[in-house]
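Novice: I would like to see how this sequence folds:
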Amino acid sequence: MLLDAHELCSFADYFVICTSESSRQTEAIGDEIEKAVKAGGERILTREGDGESGWVLLDLGDVICHIFGPSEREFYQLEELWNAAPVILRIQ
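Specialist: Below is the predicted model:
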């Protein structure tokens, strides 16, 4: 899911929120995003969490990527927290 948060918060314009099926997949998704960002000449400002915690956060500056395990996504419910942000893209 891609949310347009630029009118709602001062620290990012977009949130990417996705769910992985396992801790290994959580790590792999984070690694691949990081590789793609670096290949595009950009850098990750911060990487927090890991697959074992069930949540990886990648701060790209204007874009924040959240990669959750299923139970962590259900627990944190970021879509509800940022429900005023327009959904730009939803893939299921």
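Novice: Export only the CA atoms of the lowest-mean-pLDDT helix or strand in the chain, formatted as PDB.
Specialist: For the chain, counting by mean pLDDT, DSSP states H and E, helix 78-81 ranks last in confidence among helices and strands (a mean of 90). Extracted in PDB, the C-alpha atoms of helix 78-81 (Å, rounded to 0.1, in the frame of the first residue of the first chain):
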ATOM      1  CA  LEU A  78      -0.800   2.000  10.400                       C
ATOM      2  CA  GLU A  79      -3.500   2.300   7.800                       C
ATOM      3  CA  GLU A  80      -5.900   3.300  10.500                       C
ATOM      4  CA  LEU A  81      -3.400   5.600  12.100                       C
END
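Novice: Beyond it, next helix or strand please.
Specialist: The C-terminal neighbour of helix 78-81 among helices and strands, as given by DSSP states H and E, is strand 87-89.
Novice: can you give me the strands in this structure?
Specialist: Using DSSP state E, the strands assigned to the chain run over residues 2-4, 14-19, 46-50, 55-59, 63-68, 87-89.
Novice: what is the rounded mean pLDDT of the third one?
Specialist: Predicted confidence along strand 46-50 averages 95 (mean pLDDT).
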